[in-house]
Structure formats: structure tokens, C-alpha cells
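Q: 3D model of this:
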Amino acid sequence: MPLSQRLILPSLALVMSACSNAQDNASPQTGEPATMNSAADVTPVYDLEFTSLENAPMPLSQYEGKPILLVNTASKCGLTPQYEGLQQLHETYGEQGLVVLGVPSDNFAGQEFGEDAKIKEFCEIRYGVTFPLTTRSDVIGEERHPLFARTEEALGEAAVPQWNFHKVLIDAEGRPVQAFTSRTDPTDPAVIAAIEALL
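A: Predicted coordinates for the structure are as follows:
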């Protein structure tokens, strides 16, 4: 049975009604993926590093040769149930090489816990998350993590998160190649097709 049929997904209308109106005011959300200009000179992301939710070094070089689905997450958003789909992607495609990388962020309407320990507890207990999560980080603005600057260089404005659960797909060579809006569910056929094309 296809992955999309095995998951019980929240209603799009229910999910979006739970989010702040600021999401719609921030930027148009078309749901269409953005792809990299083939002529762009993109620096691989492997020179960058996060700190894990457990306060350990998390160099992206450890994921060299594997595609990465980068997602800025939040614990108190109407889109938080997308953790279920992200975990399913991890369980389905992790052994084939996919890395689902969650970056908790409080950049949108204060929807993330202030303590990393609380984020970890919430994700593990509520959604059974086992894919890697970074420490809480900025994903927009002057203090954003350099990875989000790198993805914008590669994909333009479409790679800039406008809300929680924005998604950027990075290929096995460390190049950002495709972006999906927050409204695009992790198990959307377009996301799955893009992932499978890189495996």
C-alpha cells in the first residue's frame, strides 16, 4: 500500500484554521515546490554545523552522501501534527539514506518551547520522534543559522521559511535542490517523489 494511503493525515482545513493569521499575511503560499537554477554555483552544506537537541556537536559532514529533508519545526503550531509524517518518512526512507533534520524554531508567533529539554520531551512522547533534531535556532533574520542562508542562496526567496514546517530538500552532494511550503504535508506525493528521485 502506498505510503500516502497508510497515513492518517489531518484535514488541511483543520490544520490551517489552527495556525495564526500571521501565516497568510506573511507571504503567499502556493504549495508549489521551488527548484534550484541548474546554473547556480552552490556550495555544499557539509562545512556547516548545528548543535543537537542533546547539546552535542552536529556537523552536517556526517550526512555526506545522503539526501537531507530540512524542516523548521515548532511544538505549539497548528501544523505540529506534521511531525507524524516526518517520522514516517524517517522510518520508511531512513534505511535508504534519507536524513530528516528538524530545526526547532521560535521565529513564528512564539510557538516553540524555550528549553531544549522540553522540546525533546514533547517530540519523543507526543510524536515518537527519532530523527535528528537540532537545538532551538533562528531560521530567518540576521541571526539565522548559516544553513538557511545557504539554502536561500541556492533557491532564492522560496527557500526562506514563511512559517513553521517549511521544507528544503538537499541532495546527496549537499546542494539544496527543492523547497516546499509549510502547507505541503511531508507525505504529499510531490515530496515523496522528490525524495525517491534522490535515493
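Q: Am I right that Tyr83 sits in a helix?
A: Yes: assignment of Tyr83 by DSSP: H, G, I helix; E, B strand; the rest coil places it within a helix.
Q: Identify the residue spatially nearest to it, adjacent ones excluded.
A: Spatially, and ignoring its direct neighbours in sequence, Tyr83 is nearest to Tyr127 (3.9 Å; CB to CB, 6 or more residues apart in numbering). For every residue, glycine as well, the C-beta is placed using N, CA and C.
Q: Touching, that neighbour and Glu84? I think so.
A: Yes: between Tyr127 and Glu84 there is a contact at 6.0 Å, judged by CB atoms under 8 Å.
Q: more neighbours, these two?
A: When neighbours are counted by other CB atoms under 10 Å, Glu84 comes out ahead of the other of Tyr127 and Glu84, with 20 against 17.
Q: Just the CA trace of stretch 163-183, in CSV.
A: Provided in CSV are the C-alpha atoms of stretch 163-183 (Å, rounded to 0.1, in the frame of the first residue of the first chain):
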residue,chain,number,x,y,z
TRP,A,163,6.1,29.8,8.8
ASN,A,164,6.8,26.6,10.8
PHE,A,165,7.3,23.3,8.9
HIS,A,166,8.8,24.8,5.7
LYS,A,167,10.8,22.1,3.9
VAL,A,168,14.0,22.2,1.9
LEU,A,169,15.4,19.1,0.1
ILE,A,170,19.1,18.8,-0.1
ASP,A,171,20.6,16.3,-2.5
ALA,A,172,23.3,13.7,-1.7
GLU,A,173,26.0,16.1,-2.8
GLY,A,174,25.0,18.7,-0.3
ARG,A,175,23.2,21.0,-2.7
PRO,A,176,19.7,22.5,-1.9
VAL,A,177,17.6,21.5,-4.8
GLN,A,178,13.9,21.9,-3.9
ALA,A,179,11.7,23.8,-1.4
PHE,A,180,8.1,23.1,-0.2
THR,A,181,5.9,25.5,1.7
SER,A,182,4.7,24.9,5.2
ARG,A,183,1.3,23.8,3.9
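Q: Let me know the secondary structure of the one residue sitting closest to the centre of the chain.
A: Nearest to the mean C-alpha position of the chain, counting by CA atoms, centre = their mean, stands Val71 at 1.0 Å. Assigned state for Val71: strand (three-state reduction, three-state DSSP).
Q: What pLDDT does the model give it?
A: Looking at Val71, its pLDDT is 98.
Q: wait, isn't Leu199 in contact with Gly97?
A: Yes: between Leu199 and Gly97 a contact is recorded at 5.8 Å, counting by CB under 8 Å.
Q: Could you check which of the two has the larger neighbour count?
A: Each of Leu199 and Gly97 has its neighbours counted (other CB under 10 Å); Gly97 has more, 15 against 11.
Q: Pull up the gap between Gln171 and Gly85, please.
A: Careful, residue 171 is Asp; it's not Gln. 21 Å (CB to CB, to the nearest Å).
Q: Contacts only, for the closest residue to Pro146 other than its chain neighbours.
A: Leaving aside its sequence neighbours, Pro146 sits nearest to Leu48 (CB to CB, 6+ apart; 5.4 Å). Contact analysis of Leu48 by CB atoms under 8 Å, 6 or more residues apart in numbering lists Pro59, Leu60, His145, Pro146, Leu147, Arg150.
Q: Since that was my last question, I'll sign off now.
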